[in-house]
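>>> The following comprises the amino acid sequence and a computationally predicted model.
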Amino acid sequence: MTPRPLDIAILGGTGAEGSGLALRWAKAGHRVILGSRSAEKAAKVRDRLNAAVGEGAVRVLDNRAAAAAAEIVVLTVPHAAQRATVEDVRAELAGKILVDATVPLVPPKVSRVQLPPEGSAVAAIQALLGEGVKVVSAFQNVAAHALADLARDVDCDVLVCGDDPAAREVVVGLARDLGLRAWHAGPIVNSVVAEALTSVLIAINIRYKASGAGLRITGVPDVPG
Ligand SMILES: NC(=O)c1ccc[n+]([C@@H]2O[C@H](COP(=O)([O-])OP(=O)(O)OC[C@H]3O[C@@H](n4cnc5c(N)ncnc54)[C@H](OP(=O)(O)O)[C@@H]3O)[C@@H](O)[C@H]2O)c1
């Protein structure tokens, strides 16, 4: 678990995945800022989240101001918007951890693995930003609707990939704050597995008429949060 409350900005935090992460981090006591291109849209999501977890737990700013105000920046925008969003906030990311949940899905065939030419969407962002930003890949396999349902635990482990072990450890702690089991899964290049696995889980959901396919790592003693 994280030893103290953190200021966490979620760029694209008005969306399904980002708002689910925001809800559970705010409930865990972190100070959450939703980054958005639309103040009106973000205010609606903020009010919905605060109604669930308490007034003032979540606030909103534009993406750049949110990234500037936070210690940890989380990216939850569609793959098509990933690079442009990062470039827009690049100056504000210096020295910080960027947690990237991007899955490079290519609609309409989202149940088919179609990785970008760089191999991994998140590794490409680490290459873009260089060593001054510690990019950590996480949450690609965690369904937004599961995060949004506070009445149930999320039945999915989290693979946490990144080149900096200390930054990975911070994100493992943040995943545990959400009530999830999370694992150090190696360097950022390994993110390709988590990104591709999402299409596999979607294919399983379609084949078995389910919505909850998730990931479990077995054979490793559980690490206490
Ligand atoms: N949904 C899931 O279950 C799930 C699970 C794991 C990982 N993910 C990954 O998480 C990311 C977000 O998924 P999502 O389902 O939450 O997506 P989403 O709801 O479609 O979009 C998230 C937010 O991104 C912003 N956005 C959308 N288009 C944009 C653009 N062209 N330029 C800049 N910002 C844009 C919007 O925020 P504003 O309009 O407020 O700026 C939007 O609310 C994706 O990469 C996805 O693969 C999703």
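Happy to help now that I have it.

>>> Show the backbone phi and psi for the nearest residue to Gln126 once chain neighbours are set aside.
Nearest residue to Gln126 in three dimensions, chain neighbours excluded: Val135, at 3.9 Å (Cβ to Cβ, 6 or more residues apart in numbering). In short, each C-beta sits where N, CA and C put it, glycine included. Dihedral pair for Val135: phi -90, psi 130, per degrees, to the nearest 10.

>>> So what pairs up with Val135 in the strands?
Beta-bridge pairing for Val135 (DSSP bridges): Leu98.

>>> Show me the shaky parts of this structure.
Counting by pLDDT under 70, the chain contains low-confidence ranges at 224-225.

>>> And the strands in it, which stretches?
With strands called from DSSP state E, the chain shows them at 7-11, 31-36, 58-62, 72-75, 97-100, 134-137, 158-162, 182-184.

>>> For the ligand, find the nearest of those strands.
strand 31-36 (3.2 Å; Cβ to the nearest ligand atom).

>>> interface residues of the protein facing the ligand?
Proximity of the chain to the ligand is confined to 12, 14-18, 36-38, 41-42, 76-79, 81, 85, 101-103, 105, 139-140, 142-144 under the rule Cβ under 6 Å from any ligand atom.

>>> Among those residues, name the buried ones.
12, 14-15, 17-18, 36, 42, 76-77, 85, 101-103, 105, 139-140, 142-144 (16 or more other Cβ atoms under 10 Å).

>>> ok, the residue nearest to Gln126 touching Val122?
Yes - using Cβ atoms under 8 Å, Val135 is in contact with Val122, at 6.4 Å.

>>> who's more crowded, the two?
With neighbours defined as other Cβ atoms under 10 Å, Val135 and Val122 compare such that Val122 has more, 31 against 28.

>>> Now do the contacts for the more buried one.
Each residue near Val122 by Cβ atoms under 8 Å, 6 or more residues apart in numbering is listed here: Asp100, Thr102, Val135, Ser137, Cys161, Ile188, Ser191, Glu195.
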